[in-house]
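# give me coordinates for this.
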Amino acid sequence: VASTQLFKAFGIPVRAHWSFWLVAFVLAMQFEGALQGGLIVSLLLIACFYGCLLLHELGHCLTARRYGINTREIKMTMLGGMAMFESSPRVPRQELLITAAGPLVNFVIAGLLFAGQSLAFGLPSFNSSSSLPFGLSFEAWESGFFFALMSLNLLLGIFNLLPGFPMDGGRILRALLALKLPYLKATHIAVRVGQLVGAGLILLPVLSSWGGIITALIGLMVIFLAQAELMRVRAEEALKQGSATLNRLFGGLFGGQAPGGGNGRSWGFTFGGPPPGGTEAEPSSPEPPSPPRDDSDCVIDMDPDGKVRKVWRKDESDD
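Here you go, the predicted model:
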C-alpha cells in the first residue's frame, strides 16, 4: 500500500506515504548530534515539526471550507504535505486567502515560540562577531529544542513563499496576477516564474554548499507540477469555452442549456423553455366533461341471435 490513513482532523482524512516515514527518520538522525538528549529528543523534534506541517495544511483546508471548498484528504509525503481539494478556487481573492493561510500558521507558531524563548531566556543579545544578520546572537538558545522548532517553522513559512507551483508562493503570485489578468494568462506567467525557481533549486546544491538532494528533488517537483497545473487550467478553460459554445448552439434549439450549463462541470440538457422563435403558448382550457348518461330509460331491440338492432329512449317516438 503506497499510503495509509493515520487519523482524521476536522473530518479530513490524513494519510502518510511510505516515503514520509523514511525521510522523518533520516532527518531525526541528522538532528541527533545537534540537540541535547540524543535520538529520542531528535525524533520528538521531527514529530513536532510534522505536526506544525499538518497545521499548515489545515490552515489551507479550514480557510477553503469557509468558501464552500471541501478537502478530500491531506497526504504527508517525503517532500511535505499536500491538501487535496475537491475543486480549485477560481476567485483570485479566495485563492489568495486560502493559500496565505498556510504560511501564516507557521509564522504564528514561530512567533509564539520566540515569545516563549524570550520569557525563559531573555531577548537575544547583540554580538558584532555573530554570523547572523544584524549581529544577533542566540547563544543561550542554539542547542535548545524550541529554538530548533522555531527555526524550522520560519524556514517552512519562508520556503513556501517562493513563487513556484505547487508551493504557496506560486499560487499567491497567480492570485495577485489574476486580479488584473485573465486566469489562464496569470497561471501561465506564474508557472514560468515557478519553473525558473525550480531550476534554481536544482542548481543550488551544485553551485553552493546550501541545500542537498532533497532541495534538488523539490526543484524537480516544482518544474513538473507547475507544468501540470498549467495543463489543468488550460483543460478547464477549453471545457468552459466548449460548454459555452454548446449553449449557444443548442440553447435556441431546445430552449434550455447545453451540457454543463456553461460551468464545465456537469453534463445534461435542461428542457422546458419556450418553443423556438416565439413565446410559450397559453394552455387551452379543457372542455367540461359530459354528464353521465342514465341508461335506465332506454329500450333495446335485439334480434333472435342477440344482436342489437335498435336503441331508443322511452320518451322518443317510434320511427
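
# what packs against the lengthiest helix in the chain?
Ordering each helix of the chain by length in residues (DSSP state H) puts helix 213-254 first. Counting contacts by 3 or more Cβ pairs under 8 Å, 6 or more residues apart in numbering; DSSP states H and E, helix 213-254 packs against helix 183-207. From N, CA and C alone the C-beta is placed, and that goes for glycine too.

# quick one: buried residues of the helix it packs on?
Neighbour counts over helix 183-207 (16 or more other Cβ atoms under 10 Å) mark 183, 186-188, 190-191, 193-195, 197-198, 201-202, 204-205 as buried.

# please apply the same query to stretch 4-15.
Per 16+ other Cβ under 10 Å, stretch 4-15 contains these buried residues: 9, 12, 14-15.

# try stretch 108-125
Under 16+ other Cβ under 10 Å, the buried positions of stretch 108-125 are 109-110, 113-114, 117, 124.

# would JSON lines of those with secondary structure be doable?
Converted to JSON lines, these look like this (DSSP: H, G, I helix; E, B strand; the rest coil):
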{"residue": "Ile109", "secondary structure": "helix"}
{"residue": "Ala110", "secondary structure": "helix"}
{"residue": "Leu113", "secondary structure": "helix"}
{"residue": "Phe114", "secondary structure": "helix"}
{"residue": "Gln117", "secondary structure": "helix"}
{"residue": "Pro124", "secondary structure": "coil"}
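
# quick one: which of the residues you listed is nearest Trp210?
Ala110 (20.6 Å; Cβ to Cβ).

# which residues touch the residue lying closest to the closest one once chain neighbours are set aside?
For Ala110, ignoring the flanking residues on the chain, the nearest one in space by Cβ to Cβ, 6 or more residues apart in numbering is Asn153 at 4.1 Å. Asn153 makes contacts with 49, 52, 106-107, 109-110, 113, as judged by Cβ atoms under 8 Å, 6 or more residues apart in numbering.
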